[in-house]
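> Okay, structure incoming, though there's no sequence with it:
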């Protein structure tokens, strides 16, 4: 059965390569510093929120730990320097945003974060923004500033660890790593997960060999 044999060999090579690739990712991550340590220039920040502003927090759609979230960005001032910024204060989990007035937020937030001059992250695949509802599907600092009535485009402040509130119950919250605080996209999968994937691919390769041998042995093509 030459066709079956050729297909089996190709499949075997692919499965082994996938296993090796996952093991290489495991090795890279096990030797790499913790994800939190990869954030450069993070400092302890105290942001004074402009709660006198009559508007709402700007909500930007995103993902964290493979779940949809809405990040809340507000106008504020860095206490240490007096610089006007747009700061991410918290997020809500779930596919639908939960509007919040700036006046309903605390007057200050303190966290370890980064301050950066972010560029617009517009994508052709993003849904249409709705400025009238303070809803955004891509982060565009200039548009956020315009919607908040700010004359200039301030820098963006991102916490390294963010608070994610339940959309159904805002009093329930959890803390998780903020992937948007990193200059480059991060892979949140722990190294142990890659090792498990490697074992899965290698196991499938061994299973393919077993099925191949059993098939030919059952048909009398292999004798030991």
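On my side now, so go ahead. Note that the structure is a prediction, hence the values are computed from the model and not measured.
> just for this structure, where's the confidence low?
Along the chain, segments meeting pLDDT under 70 span 32-41, 122-125, 183-188, 222-224.
> At which residues are the strands of it located?
43-49, 58-64, 67-78, 84-93, 108-116, 135-136, 155-159, 161-166, 173-177 (DSSP state E).
> Now tabulate those strands in JSON lines and tack on mean neighbour count and distance to residue 221.
For the C-beta atoms, the positions are set from N, CA and C on the backbone; glycine is no exception. Output for these, formatted as JSON lines (neighbours: other Cβ atoms under 10 Å; distance: least, Cβ to Cβ, whole Å):
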{"stretch": "strand 43-49", "mean neighbour count": "16", "distance to residue 221": "69"}
{"stretch": "strand 58-64", "mean neighbour count": "20", "distance to residue 221": "51"}
{"stretch": "strand 67-78", "mean neighbour count": "23", "distance to residue 221": "51"}
{"stretch": "strand 84-93", "mean neighbour count": "23", "distance to residue 221": "57"}
{"stretch": "strand 108-116", "mean neighbour count": "18", "distance to residue 221": "64"}
{"stretch": "strand 135-136", "mean neighbour count": "23", "distance to residue 221": "63"}
{"stretch": "strand 155-159", "mean neighbour count": "22", "distance to residue 221": "62"}
{"stretch": "strand 161-166", "mean neighbour count": "18", "distance to residue 221": "58"}
{"stretch": "strand 173-177", "mean neighbour count": "14", "distance to residue 221": "54"}
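> so which of the ones you listed comes closest to residue 2?
Nearest to residue 2 among these is strand 58-64; the distance by Cβ to Cβ comes to 46.6 Å.
> Pull the residues that contact that closest one.
Residues from elsewhere that reach strand 58-64 (Cβ atoms under 8 Å, 6 or more residues apart in numbering): 68-74, 86, 91-92, 97, 99, 127, 134-139, 144, 147-148, 162, 164, 176-180, 188.
> what about 6 Å?
Outside strand 58-64, the residues that touch it by Cβ atoms under 6 Å, 6 or more residues apart in numbering are 69-73, 97, 134-137, 139, 144, 176, 179.
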